[in-house]
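Trainee: predicted model and sequence below, questions to follow.
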Amino acid sequence: MTANALHPGSAASDVSRHHGERRPGAIASPQGSTGLGGNTLAQIVEDNCPGTQASAGVVIEHLDAQAGTWQFSMDEGQTWRAIRTDLINRDGNLGLALDCDARLRVLPFGGHRVSGVRVAFHTVQRRHGQGNGSYRAYASDEREEGCSRTVTLVLGLSAINGAPPAVHVPRPRNKRALVQRAAAAAGAAGTTLSGSMVLA
């Protein structure tokens with residue numbers, strides 16, 4: 001499995017121009033997004049980074065922008081916000097701060113088959129508080145106590161979006177039984193019609 005590869009962060013640069021970035025507006029989850037409820041970051045870390053200690057949050061450093069539109073939710077999937085991959089993927093240490101109970105998902109571009117997507121992040125031991133869902137600068141080398149090094153994963157869509165709900169497919173009925181039932185109903189209708197004609 002190509003997941004759980006560790007890579008150091010990129011070189012630091014001046015990102016002060018991004019400190020005033022506003023959060024994108026929330027959008028309601030569309031009805032057509034069944035099966036794209038997104039996994040929590042805690043679930044993604046637990047499933048794919050078994051050696052990582054429990055954390056309160058993450059800072060996402062990179063997302064595969066070619067895979068589709070990335071979104072996050074902080075209210076269990078009721079509303080979703082688009083992730084500015086143009087900010088976190090550019091040179092400089094600017095990441096998206098999210099608590100571990102936030103959900104992540106990617107909506108693939110139409111007609112584009114995706115087998116695996118690249119996700120890079122580091123974990124933190126304290127919740128982000130009011131900074132949850134905001135873009136923040138982070139140190140590349142000497143990080144605050146409790147922060148992990150950058151973890152880079154290549155994940156399938158189901159590892160991020162979650163498995164689609166089971167769909168009940170009715171068991172096909174025996175065709176011979178259906179034919180016999182239809183024939184019996186037709187015969188009964190013919191007998192009733194004949195009897196009515198005799199009485200007349």
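Mentor: That came through fine. Numbering: from 1, shown residues only.
Trainee: okay, and the helix or strand of this structure with the least pLDDT?
Mentor: Least confident element among the helices and strands of the chain, by mean pLDDT, DSSP states H and E: strand 5-6 (a mean of 41).
Trainee: buried ones in stretch 74-82, by neighbour count?
Mentor: Met74, Gly77, Trp80, Arg81 (16 or more other CB atoms under 10 Å). No exception for glycine: its C-beta is placed from N, CA and C like everyone else's.
Trainee: for those residues, which one is nearest Ala65?
Mentor: Arg81 (16.0 Å; CB to CB).
Trainee: is it true that the closest one touches Ser73?
Mentor: Yes. In this structure Arg81 lies within contact range of Ser73 using CB atoms under 8 Å: 7.3 Å.
Trainee: contacting residues for Arg103?
Mentor: Gly37, Gly38, Asn39, Thr40, Leu41, Phe72, Ser73, Met74, Glu76, Gly77 (CB atoms under 8 Å, 6 or more residues apart in numbering).
Trainee: how many neighbouring residues does the nearest residue to it once chain neighbours are set aside have?
Mentor: Spatially, and ignoring its direct neighbours in sequence, Arg103 is nearest to Gly38 (3.8 Å; CB to CB, 6 or more residues apart in numbering). Counted with other CB atoms under 10 Å, the neighbours of Gly38 add up to 23.
Trainee: would TSV of the contacts of Arg103 with pLDDT, secondary structure and distance to His128 be doable?
Mentor: Shown next, in TSV, are the contacts of Arg103 (pLDDT from 0 to 100; DSSP: H, G, I helix; E, B strand; the rest coil; distance: CB to CB, whole Å):
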residue	pLDDT	secondary structure	distance to His128
Gly37	82	coil	22
Gly38	91	coil	18
Asn39	94	strand	19
Thr40	95	strand	15
Leu41	95	helix	11
Phe72	97	strand	12
Ser73	96	strand	15
Met74	95	coil	10
Glu76	91	coil	17
Gly77	91	coil	19
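Trainee: how much space between Gly116 and His128?
Mentor: 28 Å (CB to CB, to the nearest Å).
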